[in-house]
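In: heads up, no residue letters with this:
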């Protein structure tokens, strides 16, 4: 019963994060994404995942494993966009 | 040690949600907010809070109590905006 409630919670909060994540992954547009916030969020979700493993809570483990995969993908797309922008700016300066 | 890691996780994920929440609360602008997603998220966070109480996890309780307060505030502002819009549309039809 307790685990079922936890899984219900995990599905709802993970699902409510999915449309945002899918939009970024599909379009690759990361203008509205804050690097600082997403870095904090990604580290936080990793800590939740380890905490879930330590207390043996399946809902905490599942919810954060899925969210970590999505958050890490979004963060890497954002970092890629920042580096691409910097390279473009450097090339523009050289020309 | 386990609880400290959980509290660290709770602080990071809650803090990464704060700027978005404060922006909506301060400006009252809810155009970018999806009612469906926020309703799911609010119910999910409530379920996490009850789950945290059932397994006796202080980090899960604290993180979700704070997030529930913010999410419920944002959802109520969004619903208020929807009803205000409907009232305005009805008055426009009557005139």
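Out: Perfect, I can see it now. It should be emphasised that the depicted structure is a prediction, and the values quoted were computed from it without experimental measurement.
In: what does chain A put close to chain B?
Out: Proximity of chain A to chain B, by CB under 8 Å from any CB of the partner chain, involves residues A:2, A:5-6, A:8-13, A:15-16, A:19, A:34, A:37-38, A:40-41, A:43-45, A:47-48, A:50-51, A:54-55, A:57, A:59-60. Placement of C-beta: from N, CA and C, glycine included.
In: can you give me the helices in chain A?
Out: Along chain A, the stretches classed as helices by DSSP state H are A:2-27, A:35-55, A:58-94.
In: just say which of these is most tucked in.
Out: Greatest average neighbour count among the helices of chain A goes to helix A:35-55 (a mean of 19), per mean count of other CB atoms under 10 Å in any protein chain shown.
In: next up, the contacts around the residue most central in space within chain A.
Out: The centroid of chain A falls nearest to residue A:71 when counting by CA atoms, centre = their mean (0.9 Å). Residues counted as contacts of residue A:71 (CB atoms under 8 Å, 6 or more residues apart in numbering or on different chains) are A:21, A:38, A:41, A:42, A:45.
In: closest one of those to chain B?
Out: Nearest to chain B out of the contacts of residue A:71 is residue A:41 (CB to the nearest CB; 4.0 Å).
In: can you pull the pLDDT of the closest one?
Out: Looking at residue A:41, its pLDDT stands at 92.
In: got the contact list for it?
Out: If a contact means CB under 8 Å, 6+ apart, then residue A:41 has A:71, B:12, B:13, B:16 as its contacts.
In: got it, and residue A:38?
Out: If you count contacts by CB under 8 Å, 6+ apart, residue A:38 has them with A:71, A:74, A:75, A:78, B:16.
In: from the residues you listed, pick the one nearest residue A:92.
Out: Lowest distance from residue A:92 to these (CB to CB) belongs to residue A:78, with 21.3 Å.
In: quick one: pLDDT of the closest residue to the closest one other than its chain neighbours?
Out: Leaving aside its sequence neighbours, residue A:78 sits nearest to residue A:30 (CB to CB, 6 or more residues apart in numbering or on different chains; 4.2 Å). Residue A:30 is assigned a predicted lDDT (pLDDT) of 81.
In: same list, the contacts of residue A:71, but as TSV with distance to residue A:65 please.
Out: Shown next, in TSV, are the contacts of residue A:71 (distance: CB to CB, whole Å):
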residue	distance to residue A:65
A:21	14
A:38	17
A:41	15
A:42	13
A:45	9
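In: wait, residue A:5 sits on residue B:52?
Out: No. Using CB atoms under 8 Å, residue A:5 makes no contact with residue B:52, being 10.2 Å away.
In: what's the spatially closest residue to the residue nearest to the centre of chain A that is not a sequence neighbour in contact with, if anything?
Out: Leaving out its chain neighbours, the residue that sits closest to residue A:71 by CB to CB, 6+ apart is residue A:42, at 4.7 Å. When contacts are counted by CB under 8 Å, 6+ apart, residue A:42 touches A:68, A:71, A:72, A:75.
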